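Asks: Here is the input, now give the coordinates:
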Amino acid sequence: MDLAFTADGGYFLIHPMEKKFRWRGVPQSLQERMELTGPEKVIAIHCITFGEDGAFFMGWSRADGKEQTWAVLKGQYPSLEKWLNEPNRRGSAKKLYIVLGPNGSFFALERGVETFEKGLPPSLSEKIREFRVNGLNVRRIQLGINGCYFVEASDGSRAWNVTDDYPDLRTHLNKQRLTKISTVNLSPYDSQHFFVAFNDGHAKWTLPASWVSDISAVAREYRRHKAVSSGSTLSQTNRPGNQQRKSSSSSSSSGPIRDLELTRKIVSTVGTVVTAGITVASAVGCTVM
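Replies: Numbering: from 1, shown residues only. The predicted model follows:
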C-alpha cells in the first residue's frame, strides 16, 4: 500500500497488488488523466509524488503497454526540472524515482544511472552516500517536515529520523524492529499524517477523518490479505498553507465513525476521530483495474 500526500490536504492511494487507485484533492489535470479509458488508461503507477503549490511528478504504464512520465513542477523545483529535461535523460517510467519535499527539497533517481538531490537533511544525504559506497541503490525515501525522513536501500536495510514532530509515529517505530516494517508514508506537510504498514499486515496510521471511507477500504483489503490493523483518524484544524504546524486543538469522539464501525468485525480499529477543520475542494476519485 502506498499513500502520497499533497500539500493542501489531499492524497493519492495506491494498492499495487489489487491495482486500485483512490484520490482526493489532487490537481484537476491529474484527476482527468486518471479518468482516461481505452489505450491511454492508467494501469500501473510506478512513482507519484506531490510538492508545493500544486507541483507533482508521476510515472505510469498505460493499457496499450506504453510508459509515460509527467512532471508539473510549477517553478518550485527549477534544478529538478532542468535535470529531468537534460538531453541524455532517457529514463523510462519504471527507472525514474522522484520524491518531492517541503521547501523545495527533493530526491531524484534514474535507476542504474545516477541520483540528484537538493535540500535533504545532512544525515539522509550521508546515508545515501553510504548506500552507494556499499554498492546499494535507494529503493524508497519519504521526506517529512523539519528534516524527518525514512529511507530504504535495495538490500532492504533501513534508516529513519523521526523527531517529536511525529510523536505518534515515533512511538510506533520505537516499538518495532525496522525489519518488521513494510512501508512508511510520511506527509511532508503535516506532522499528524502518516501511514505505516508492517510485514505481518498490521498497520498504524493517523489520517484525516475525511479520508475515513478510504481507510475502511484499506481495512477490507487488508482483511483479504489476512491482516490485523489498528489506527486513528484525525483532521487538522489549521488552514491549508500552514501545514508545517501541528493542529493546536482537537475534539475527540467516543467511538469510530460509522464506516469504521462497519469494519469492527474485520479489523481492530482504535483511536480518536477529530472534528474536521477544512474541506478538500477537489473531487474524490477511484479506479479499479
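
Asks: Tell me how many other residues crowd Leu36.
Replies: By other Cβ atoms under 10 Å, the residues close to Leu36 number 13. Bear in mind the C-beta positions are built from the backbone N, C-alpha and C, glycine included.

Asks: and it, how far is that from Asp64?
Replies: Shown here: Leu36 relative to Asp64, a distance of 11 Å by Cβ to Cβ, to the nearest Å.

Asks: what about this structure, any weak spots by pLDDT?
Replies: Residue ranges of the chain with pLDDT under 70: 16-18, 90-91, 176-179, 201, 212, 215-289.

Asks: In it, what residue spans correspond to helices?
Replies: Per DSSP state H, the chain carries helices over the ranges 28-34, 78-84, 122-133, 167-174, 212-224, 258-261.

Asks: Let me know the outermost residue of this protein.
Replies: In the chain, the residue that sits farthest from the middle, by Cα atoms, centre = their mean, is Pro87; the gap is 29.7 Å.

Asks: Give me the phi and psi angles of that residue.
Replies: Taking degrees, to the nearest 10, you get phi -60, psi -30 for the backbone angles of Pro87.

Asks: For Glu117, give me its contacts.
Replies: Residues near Glu117 by Cβ atoms under 8 Å, 6 or more residues apart in numbering: Phe106, Phe107, Ala108, Ser125, Ile128.

Asks: separation between it and Phe56?
Replies: Counting by Cβ to Cβ, the gap from Glu117 to Phe56 is 18 Å.

Asks: can I assume Asn103 is in contact with Gly119?
Replies: Yes. Contact criterion Cβ atoms under 8 Å: Asn103 and Gly119 qualify, at 6.2 Å.

Asks: and the residue nearest to Cys148 when sequence neighbours are not counted, what does it touch?
Replies: Spatial nearest neighbour of Cys148, chain neighbours left out: Val162 (5.2 Å); criterion: Cβ to Cβ, 6 or more residues apart in numbering. Contact analysis of Val162 by Cβ under 8 Å, 6+ apart lists Gly144, Cys148, Phe150, Leu169, Arg170, Leu173.

Asks: what do you get if the cut-off is 7 Å, keeping everything else the same?
Replies: Cys148, Leu169, Arg170, Leu173 (Cβ atoms under 7 Å, 6 or more residues apart in numbering).

Asks: Measure how far stretch 21-34 is from the centre of its chain, please.
Replies: Relative to the centre of its chain, stretch 21-34 is centred 14 Å away, using Cα atoms, centre = their mean, to the nearest Å.

Asks: Could you give me the buried positions within it?
Replies: Within stretch 21-34, the residues that count as buried by 16 or more other Cβ atoms under 10 Å are Phe21, Arg22, Trp23, Arg24, Gly25, Val26, Pro27, Leu30, Gln31, Arg33, Met34.

Asks: now, which of these sits nearest Asp214?
Replies: Nearest to Asp214, judged by Cβ to Cβ, of those is Arg22 at 5.1 Å.

Asks: Need the nearest residue in space to that closest one, chain neighbours excluded.
Replies: In space, and not counting its chain neighbours, Arg22 is closest to Leu13: 4.3 Å by Cβ to Cβ, 6+ apart.

Asks: partner residues bridging the one you found?
Replies: Going by DSSP bridges, Leu13 is paired in beta bridges with Leu3, Arg22.

Asks: So what's the residue count around it?
Replies: As a measure of burial, Leu13 has 21 neighbours, counting by other Cβ under 10 Å.

Asks: which residues sit in contact with Asn103?
Replies: Asn103 neighbours (Cβ under 7 Å, 6+ apart): Gly119.

Asks: Give me the distance between the closest residue to Pro121 other than its chain neighbours and Asp165.
Replies: Distances taken as Cβ to Cβ, 6+ apart put Gly147 closest to Pro121, at 4.1 Å, once the chain neighbours are dropped. According to Cβ to Cβ, Gly147 stands 9 Å off from Asp165.

Asks: Over to Ala209?
Replies: 21 Å.

Asks: List the contacts of the lengthiest strand in the chain.
Replies: Criterion DSSP state E: the longest strand present in the chain is strand 42-50. Residues from elsewhere that reach strand 42-50 (Cβ under 7 Å, 6+ apart): 4-7, 12, 14, 19, 21, 33-34, 36, 56-63, 93-94, 96-100, 289.
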